[in-house]
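Asker: build me a structure from this.
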Amino acid sequence: MGNTDVRTRGLAARAGGWSARHRWAAVGIWVLFVVLALGLGSAAGRVNVDENDQLKGETHTAARIIDDAGIKEPAAETVLIQSGDGSAKATSGEFRAAVADVVKAVRGTGRVTGVTSPYDSHAISRDGRSALVQFDMRGDADTAYDRVQPVIDAVAGAQKAHGSLRIEEIGGASMTKQYKDAFGDDFKQAEYSAVPVALGILLIAFGALVAALLPVGLAITAIMATMGLMGVVSHLQPMSDTANSVMLLVGMAVGVDYCLFYLRREREERLAGRDAGTALRIAAATSGRAVIVSGVTVFVAMAGLLFTGLATFQAMGLASMMVVAVAMVGSVTVLPALLSLLGERVEKGRIPFLNRTKQRGPDSGSRFWTAVLRGVLARPLVSVVVAVGALLAVAAPALGMKTQQLTLDQEFGNSLPMVQTYDRMNEAFPGGSEPAQVIVKAKDINAPEVRRALSDFRAQAISSGASRGPVDIKLHADRNVAVVSVPLVGGSDMDKAVKSLDTLRDRVRPATLGKVEGVQAPIAGQVAGNHDFNDQLLGSVVPVFAFVVAFAFLLMLLSFRSLTVAITSIVLNLLSVGAAYGILVAVFQHGWGASLVGAEGVGAIVTWLPLFLFVILFGLSMDYHVFVVSRIREARMRGRTTRDAIQHGVVTTAGVVTSAAVIMVAVFAIFGTLSMQSMKQMGVGLAAAVLIDATVIRGVLLPAVMALLGERNWYLPKWLHRLPDLTHDESPEPVAPAPVRGEGERLGV
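Answerer: Residues are numbered from 1 along each chain as shown. So this is what the prediction gives:
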């Protein structure tokens, strides 16, 4: 092989070449960029998504009325008092004494206001065995969970004094407090454990400490820089904690992947006998290009989330786009600079018995995948039929997918006391824990026709069957606004609660408040918010899917100048996503094998997950696809037959793809261990999809399809020849001697 001179052209090759020649400058610029990004982000502060701006429609209109009126809605809390054995009723002396003690105890904390006895508000259940003491927390509703503990203690004291009754507190503040106490560190532990897990797998893959630290270091610095940039960008597009978690997941995945692709190629070329400079130039022109193509594809896929119109999704999309761009730039600039600085020292800290690439030789590839490929290429049609059949069978349950926002008991099961309280509350007072909120705005809220319409609305809400009461009306006369709380029949059964909501919106409101000129009465609340969120999300599915698929197709077409490669890329990715959907439905909707992943069948997939998974998986799976197909095409351009090029490309990339996939599966699986069912669904869905993509898709289906297509893999119609040529820096062909074509075949690329 020798130290042959190599032509290095194209963006990735030029960036890598410059960085290698100006290595200290490249490293310094990167460090300066990370420090400046963090500093600017810290100085700018971060603007978080306002839940009131999350949705359009009635929920948004209601929030705007409240904000424009300057009304600060307090955090509402409720104490449920009920007979433990069903014998005592609210009219008994014991029950009245308990109510009086609860009212006195919570009022005595000094943390609450507006304490209302059920005997004044008529908040007594139909069977007379349950009653509600209602009150509001003083101060900002968003931080009420920090101040609610004395109230919880006061309620617990009343429970001890009245052991024959069940006395429990529930509300936004107390539930948030209980959740944070139980699971507050869940996300942090998952995020922090991602780094040592990735490092451990890379140690096994490279067998050397320095080589393993490079990908992790690049990923961490890319994430740090993006965190700073998120602070700056949040003043244009508000961010969220969810966006933070998604950014970390994506940043760790692509940061490690890109560095891994680059580093393994440089290492392989050195083992083939090339000097360090030549090996680095080859890695820049090949793996560097694959990194740019893959990065742009992931970037575009993440941009699909911007089309949802939902603030949280837009924040996730923008944060992911930024971390992908930063990791991509770092991979083709600072990484070659570091490799140039380290030279052979990249192998320092070798671990005995790990990574025997040197003994096996650089072209030996994976023994396992060599054996698999031998069988796949011997019978490509059988391999395609079997693989596609298996994937379609796995994807089949997705045809019956049901999506909804998970209720409290679906999200947490019975792991928290508040879940049992929530269920008992909804059983005694259907919808009482999550009432609909009708925000009524009028020119004069005290006008006789408005007061009459409010009274009619209250009566018809109950007579229509949408609510069993009590319907509470809170007037803000000086602001000409009224807030009407309507417990919805259906309670925690979301389907029934939505029917009750529709009754209010479509029948009760038009017949009452809708008849008064100049009155606005948007209906919001938890059920309404979830319903509006679902409608808006479903409305964005088609444009997001169309955008991601169309641009991914175009990028593949331009990057490989092959209509066949572009089409097969999209089809294979869709098969991978479909299989992931099928696993999600089977495990979490039907409960098949749910216990194996510490989950349970909850009868539905959380609403936001299918679209989120599609965008994430479509982007990340392109990492593998671009890397493998680039290597196949490179081998073909060097004169190998198509079948030999497939064998060479898949086998020589198998180690990298396997290592990258194992890291991603491990990191995503960590999120599958969290207590929330929605996080379990996300973690399991991502991990399963990546595993399928790296094995069945890239190891079996891709080579089998390409073997069947043969030279047609590189087909490009004449009318598309005018497309921009982005393939010019793909293959660092030796200048001399000229490459030899295998078997006299023409290379139709």
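
Asker: quick one: low-confidence parts of the stretch 1-150 of the chain?
Answerer: 1-9, 51-55, 86 (pLDDT under 70).

Asker: now do the strands in it.
Answerer: 76-83, 112-116, 130-137 (DSSP state E, counting those that start in this stretch).

Asker: check the offset of stretch 71-84 from the chain's centre.
Answerer: Stretch 71-84 sits 33 Å away from the centroid of its parent chain (CA atoms, centre = their mean, to the nearest Å).

Asker: stretch 244-252 too?
Answerer: In terms of CA atoms, centre = their mean, the centre of stretch 244-252 is set 9 Å apart from its chain centre.

Asker: what's the average pLDDT for it?
Answerer: For stretch 244-252, mean pLDDT rounds to 84.

Asker: can you redo the strands of the stretch 1-150 of the chain as TSV with mean neighbour count and distance to Val615?
Answerer: C-beta coordinates here come from the backbone N, C-alpha and C atoms, glycine included. Output for those, formatted as TSV (neighbours: other CB atoms under 10 Å; distance: least, CB to CB, whole Å):
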stretch	mean neighbour count	distance to Val615
strand 76-83	23	36
strand 112-116	16	44
strand 130-137	24	38
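
Asker: right, and those strands - which one's nearest Val587?
Answerer: strand 76-83 (33.9 Å; CB to CB).

Asker: what's near enough to touch Tyr145?
Answerer: By CB atoms under 8 Å, 6 or more residues apart in numbering, the residues touching Tyr145 are Ala75, Gly172, Ala173, Ser174, Thr176, Lys177, Lys180.

Asker: what's the lowest-pLDDT member of these?
Answerer: Lowest pLDDT of the contacts of Tyr145: Lys180, 77.

Asker: now do the strands in the stretch 301-450 of the chain.
Answerer: 403-404, 436-441.

Asker: by mean pLDDT, show me the worst of these.
Answerer: Going by mean pLDDT, the lowest-scoring of these is strand 403-404, which has a mean of 83.

Asker: got a pLDDT number for Met206?
Answerer: Met isn't right for residue 206; it's Phe. 75.

Asker: mind putting the strands of the stretch 1-150 of the chain into JSON lines with distance to Met252?
Answerer: Output for the strands of the stretch 1-150 of the chain, formatted as JSON lines (distance: least, CB to CB, whole Å):
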{"stretch": "strand 76-83", "distance to Met252": "39"}
{"stretch": "strand 112-116", "distance to Met252": "44"}
{"stretch": "strand 130-137", "distance to Met252": "38"}
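
Asker: among those, which is nearest Ala395?
Answerer: Closest among the strands of the stretch 1-150 of the chain, using CB to CB: strand 76-83, at 44.2 Å.

Asker: that closest one pairs with which strands?
Answerer: Its sheet considered, strand 76-83 pairs with strand 130-137 (antiparallel), strand 165-171 (antiparallel) by DSSP bridges.

Asker: in JSON lines, list these along with distance to Leu416.
Answerer: Shown next, in JSON lines, are the strands paired with strand 76-83 (distance: least, CB to CB, whole Å):
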{"stretch": "strand 130-137", "distance to Leu416": "20"}
{"stretch": "strand 165-171", "distance to Leu416": "11"}
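
Asker: mind listing what Ala497 touches?
Answerer: Contacts of Ala497 (CB under 8 Å, 6+ apart): Gly431, Glu434, Leu488, Val489, Gly490, Gly491, Val527.

Asker: could you report the distance from it to Leu475?
Answerer: According to CB to CB, to the nearest Å, Ala497 stands 26 Å off from Leu475.

Asker: check Leu32 too.
Answerer: Counting by CB to CB, the gap from Leu32 to Leu475 is 59 Å.

Asker: who has more neighbours, these two?
Answerer: Leu475 (16 against 10; other CB atoms under 10 Å).

Asker: helix, strand, or coil at the closest residue to that one other than its chain neighbours?
Answerer: Spatial nearest neighbour of Leu475, excluding adjacent residues (CB to CB, 6 or more residues apart in numbering): Ala482 at 5.1 Å. At Ala482 the chain is in strand, as set by DSSP: H, G, I helix; E, B strand; the rest coil.

Asker: which residues does Ala482 contact?
Answerer: Ile439, Val440, Ala442, Ile445, Leu454, Ile473, Lys474, Leu475, His476.

Asker: which of the residues you listed are buried? Put it as a PyMOL command.
Answerer: To isolate the buried members of those in PyMOL, using 16 or more other CB atoms under 10 Å:
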select buried, resi 439+440+442+445+454+473+475
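
Asker: quick one: which of the contacts of Ala482 sit in helices?
Answerer: With DSSP state H as the criterion, helices contain Leu454 from among those.

Asker: need the strands for the stretch 601-749 of the chain, in chain order.
Answerer: 605-606.

Asker: where are the low-confidence patches of it?
Answerer: Across the stretch 601-749 of the chain, the ranges flagged by pLDDT under 70 are 725-749.

Asker: returning to that earlier point: list the beta-bridge partners for the residue nearest to Leu475.
Answerer: Under the criterion used (DSSP bridges), Ala482 bridges to Val440, Leu475.

Asker: how close does it get to Arg509?
Answerer: Counting by CB to CB, the gap from Ala482 to Arg509 is 13 Å.

Asker: for the biggest helix by length in the chain, what is the distance to the chain centroid?
Answerer: Identified as the longest helix of the chain according to DSSP H is helix 526-560. Helix 526-560 has its C-alpha centroid displaced from the chain centroid by 14 Å (CA atoms, centre = their mean).

Asker: cool, and stretch 15-26?
Answerer: Using CA atoms, centre = their mean, the offset of stretch 15-26 from its chain centre is 35 Å.

Asker: export that stretch as CSV, just CAs?
Answerer: C-alpha atoms of stretch 15-26 as CSV (Å, rounded to 0.1, in the frame of the first residue of the first chain):
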residue,chain,number,x,y,z
ALA,A,15,-11.3,21.4,7.0
GLY,A,16,-9.4,18.4,8.2
GLY,A,17,-6.3,19.4,6.3
TRP,A,18,-6.3,22.9,7.7
SER,A,19,-6.9,21.7,11.2
ALA,A,20,-4.0,19.1,10.9
ARG,A,21,-1.6,21.9,9.7
HIS,A,22,-2.8,24.4,12.3
ARG,A,23,-3.6,22.0,15.1
TRP,A,24,-3.0,24.3,18.0
ALA,A,25,-5.1,27.0,16.4
ALA,A,26,-7.9,24.6,15.7
